[in-house]
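A.B. asks: Below: sequence and its predicted model.
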Amino acid sequence: MTADNLTSAATLLFTVLPCLLVVVFVWLLRRAALEDGLTDVKAAQAMFRALAWSLAWLIVTSGVAMTGVLRHWERRPPPFALLIGATLVVSAVVAFGPAGTRLARHTPIWVLVAVQSFRLPLEVAMHRMYEAGVMPVQMSYSGRNWDILTGATAIVVAGLAYARVGGRRLIGIWNVAGLVLLLNVVVVAILGTPFFAYFGPDHLNTWVTHPPFVWLPTVMVLAALTGHLIVFRALRRPE
């Protein structure tokens, strides 16, 4: 496979993964709604509401990126900062709202952990973006981003949780570590924007202002953060 083909495949992943995450989210929500005692019709309605809001978020964030407004770093505050703020609000609403409550109550913890394994192929694709000169080095595992460890260990921890090995303490430790690694790369990404330019003018993080890469912070980071918060809530339920 040529370098161009590898880059194209990696780029495609930034479209495929967000769509898969939406599918997993609405499916798990429907399952949780049924476990919560809702009828098939009510559960389907909850699923389609979640799907409609998710698709709207995908369309809006991609559309905003297409307009080029996110690249106006001279504005105060930068439009990209407002988008990140909106993403954090959405994460909190999902994690601590009715959807997050249902998922935390009725989804097996090992499933919640397993979902985070999407960060393994994501980090591989991000590294390819760095090799292709699209993404700055500090956002790859050759630089300051070690979130690939979360994706890789999610598979192992989910398997152990399914086999009832390690208990909630193992899941709790993994969840804290994964959240720390996520926050690390988010901080690195923010410091790399033209607003801060902490890593120098040759290592600016501007690629996430273009579609489909805008879905990295607005969908995949959103999914990772929301997932961690829901795991914390699930760990508090009775065994």
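C.D. replies: The structure has been received and is ready for your questions. Numbers count the residues shown, from 1 in each chain.
A.B. asks: Let me see the contact set for the nearest residue to A158 once chain neighbours are set aside.
C.D. replies: Leaving out its chain neighbours, the residue that sits closest to A158 by Cβ to Cβ, 6 or more residues apart in numbering is A114, at 3.7 Å. Where you see a C-beta, it was placed from the backbone N, CA and C, and this is true even at glycine. Contact analysis of A114 by Cβ atoms under 8 Å, 6 or more residues apart in numbering lists A154, I155, A158.
A.B. asks: Please tell me how far the one helix or strand A114 maps to is from the chain's geometric centre.
C.D. replies: Per DSSP states H and E, A114 falls inside helix 109-115. From the chain centre to the centre of helix 109-115 is a distance of 14 Å (Cα atoms, centre = their mean, to the nearest Å).
A.B. asks: Same check on stretch 22-37?
C.D. replies: Taking mean C-alpha positions (Cα atoms, centre = their mean), stretch 22-37 and its chain are 18 Å apart.
A.B. asks: what is the mean pLDDT for that stretch?
C.D. replies: Averaged across stretch 22-37, pLDDT comes to 97.
A.B. asks: What helix or strand is V187 located in?
C.D. replies: helix 167-191.
A.B. asks: Residues contacting the one helix or strand V94 maps to, please?
C.D. replies: Here V94, judged by DSSP H and E, is contained in helix 79-96. Here helix 79-96 makes contact (Cβ under 8 Å, 6+ apart) with 57, 61, 64, 69-73, 100, 190, 193, 195, 208-209, 214, 217-218, 221-222, 225-226, 229-230, 233.
A.B. asks: Could you export that helix as PDB, CA atoms only?
C.D. replies: C-alpha atoms of helix 79-96 as PDB (Å, rounded to 0.1, in the frame of the first residue of the first chain):
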ATOM      1  CA  PRO A  79     -14.500  30.700  17.500                       C
ATOM      2  CA  PHE A  80     -12.700  27.300  18.000                       C
ATOM      3  CA  ALA A  81     -12.600  28.000  21.700                       C
ATOM      4  CA  LEU A  82     -16.400  28.500  21.700                       C
ATOM      5  CA  LEU A  83     -16.800  25.200  19.800                       C
ATOM      6  CA  ILE A  84     -14.700  23.400  22.400                       C
ATOM      7  CA  GLY A  85     -16.800  25.000  25.200                       C
ATOM      8  CA  ALA A  86     -20.000  23.800  23.500                       C
ATOM      9  CA  THR A  87     -18.500  20.300  23.200                       C
ATOM     10  CA  LEU A  88     -17.800  20.200  27.000                       C
ATOM     11  CA  VAL A  89     -21.400  21.300  27.700                       C
ATOM     12  CA  VAL A  90     -22.800  18.600  25.400                       C
ATOM     13  CA  SER A  91     -20.600  16.000  27.200                       C
ATOM     14  CA  ALA A  92     -21.900  17.100  30.600                       C
ATOM     15  CA  VAL A  93     -25.500  17.100  29.400                       C
ATOM     16  CA  VAL A  94     -25.200  13.500  28.000                       C
ATOM     17  CA  ALA A  95     -23.200  12.100  30.900                       C
ATOM     18  CA  PHE A  96     -25.300  13.500  33.700                       C
END
